[in-house]
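S.K.: A structural model of the following input is requested.
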Amino acid sequence: MTAPARTRNGYARGRLTVHDDPAKLTPVSRALRAAGRKVVLVPTMGALHEGHRELIRHARSVPGNVVPVVSIFVNPLQFGPNEDLERYPRPLERDLDACREEGVELVFTPSVDHMYPPGSDTRIVAGALGADLEGGPRPGHFDGMLTVVAKLFHIVGPDVALFGEKDYQQLTLVKKMVRDLDFPLSVVGVPTVREPDGLALSSRNVYLSADERPRAVTLSRALREGAAVSAHGPAAVLERARAVLDTEPALQVEYLELRDADTLGEPVDGGRARLLVAARIGATRLIDNVPVQL
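M.R.: Got it, this is the predicted structure:
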């Protein structure tokens, strides 16, 4: 593939410009906002799929004179020692093509050294929620996630940031950080995009074998069937979802939880809740969730 042309501050691909240096991106973003543009950030780790494209489309639909900005950075701080940092897919040229096709104007592709220069050891601490659910088997994951998101917010200076609801605990923690630390932006969740059979789109789906792929759909089916009996209360929701999960012996379920939709604390009778699941199938770990009205 032909390399994109280099400009003074980045790479140009039609309307798309790519920056890898925070010191170059920040003044560009500030100038756009000063000119009356609304900067909408879609933070990603790359390997863009239809779910990411939907986030970008949502960014373009935000009211105002919008500048969609996509960040692509595989953040080492949110990977544990036995996780898939080294094999995480990094198809940068394909990702840039996807961004161009979706009308993105700016892409930020920093290196690890750009984001964490030598001696950079200050971290955001996620608090009690960061040690729950996903944080149990992945200690430090959410500290690393919030640290990089905070840095992206400072570098890009967005008016709005979009996150997929598939990583619902991540979305909840980012909203909490923005509220607790008075970041001047809005954080918006975008509904999960699914395959026709219901499997939630994820960059890690490529790890599933041909035999594992149809078995993985049991996760979304369990959530859907659990949510369908919400009129009978929380116990019925969990019981039904667990029964569906138990029909697939290849699944190693790590947790199945019904939580309050806003805080991820205990659900309130008659309130909005979220049914969340994490499981392994073979060597692949998958998460999913659905809204539940109790």
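S.K.: mind listing the helices for this protein?
M.R.: With DSSP state H, the ranges of helices along the chain come out as 22-34, 50-61, 92-101, 112-115, 141-156, 168-180, 212-216, 218-228, 234-245.
S.K.: Let me have the ones you listed in JSON lines, extended by mean neighbour count.
M.R.: For glycine as for every other residue, the C-beta is placed from the backbone atoms N, C-alpha and C. Listed next are the helices of the chain as JSON lines, based on neighbours: other C-beta atoms under 10 Å:
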{"stretch": "helix 22-34", "mean neighbour count": "15"}
{"stretch": "helix 50-61", "mean neighbour count": "19"}
{"stretch": "helix 92-101", "mean neighbour count": "17"}
{"stretch": "helix 112-115", "mean neighbour count": "14"}
{"stretch": "helix 141-156", "mean neighbour count": "22"}
{"stretch": "helix 168-180", "mean neighbour count": "20"}
{"stretch": "helix 212-216", "mean neighbour count": "17"}
{"stretch": "helix 218-228", "mean neighbour count": "21"}
{"stretch": "helix 234-245", "mean neighbour count": "17"}
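S.K.: Can you give me the neighbour number for residue 281?
M.R.: Residue 281 is flanked by 21 other residues according to other C-beta atoms under 10 Å.
S.K.: Can you give me the end-to-end span of stretch 270-286?
M.R.: Separation of the first and last residues of stretch 270-286 by C-alpha to C-alpha, to the nearest Å is 29 Å.
S.K.: Pull the distance from that stretch to the chain's centre.
M.R.: Centroid separation for stretch 270-286 versus its chain: 15 Å, with C-alpha atoms, centre = their mean, to the nearest Å.
S.K.: Any buried residues in that stretch, and which?
M.R.: Applying a neighbour-count criterion of 16 or more other C-beta atoms under 10 Å, one finds 273, 274, 275, 276, 277, 278, 279, 281, 284, 285, 286 buried in stretch 270-286.
S.K.: Just flag the most distant two among these.
M.R.: Spatial extent of these (C-beta to C-beta) is set by the pair 273 and 284 at 26.9 Å.
S.K.: related to what we said a few turns ago, for residue 191, which of the helices of the chain is the nearest?
M.R.: For those, distance to residue 191 was read as C-beta to C-beta. The smallest value, 8.3 Å, belongs to helix 50-61.
S.K.: Tell me what angle the closest one forms with helix 92-101.
M.R.: Computed by axes from the mean of the first three to the mean of the last three C-alpha atoms, to 10 degrees, the angle separating helix 50-61 from helix 92-101 equals 40 degrees.
S.K.: Just to check, residue 17 is in contact with residue 105?
M.R.: Yes. With contact defined as C-beta atoms under 8 Å, residue 17 and residue 105 form a contacting pair (6.8 Å).
S.K.: rewinding a little: return the closest of the buried residues of stretch 270-286 with respect to residue 32.
M.R.: Using C-beta to C-beta, these come closest to residue 32 at residue 274, 35.0 Å.
S.K.: Quick check: closest non-adjacent residue to that closest one.
M.R.: residue 261 (4.9 Å; C-beta to C-beta, 6 or more residues apart in numbering).
S.K.: now do residue 56
M.R.: Nearest to residue 56 is residue 102, by C-beta to C-beta, 6+ apart, at 4.3 Å.
S.K.: can you check residue 89 too?
M.R.: The spatially closest residue to residue 89, leaving aside those adjacent along the chain, is residue 47, at 4.0 Å (C-beta to C-beta, 6+ apart).
S.K.: Could you give the number of residues near the residue nearest to residue 56?
M.R.: 20.
S.K.: hmm, back to that, was I right about the residue nearest to residue 274 contacting residue 276?
M.R.: No. Contact criterion C-beta under 8 Å: residue 261 and residue 276 do not qualify, at 10.5 Å.
S.K.: Distance check, residue 75 against residue 161.
M.R.: According to C-beta to C-beta, to the nearest Å, residue 75 stands 15 Å off from residue 161.
S.K.: between those two, who's got more neighbours?
M.R.: residue 161 (25 against 21).
S.K.: Specify the beta-bridge partners of the more buried one.
M.R.: residue 41, residue 187 (DSSP bridges).
S.K.: what's near enough to touch it?
M.R.: Applying C-beta atoms under 8 Å, 6 or more residues apart in numbering to residue 161 gives the contacts 40, 41, 42, 43, 149, 153, 174, 185, 186, 187, 188.
S.K.: Does the first one touch residue 157 like I think?
M.R.: It stands for residue 40. No. Using C-beta under 8 Å, residue 40 makes no contact with residue 157, being 11.4 Å away.
S.K.: neighbour count winner among the two?
M.R.: residue 40 (27 against 19).
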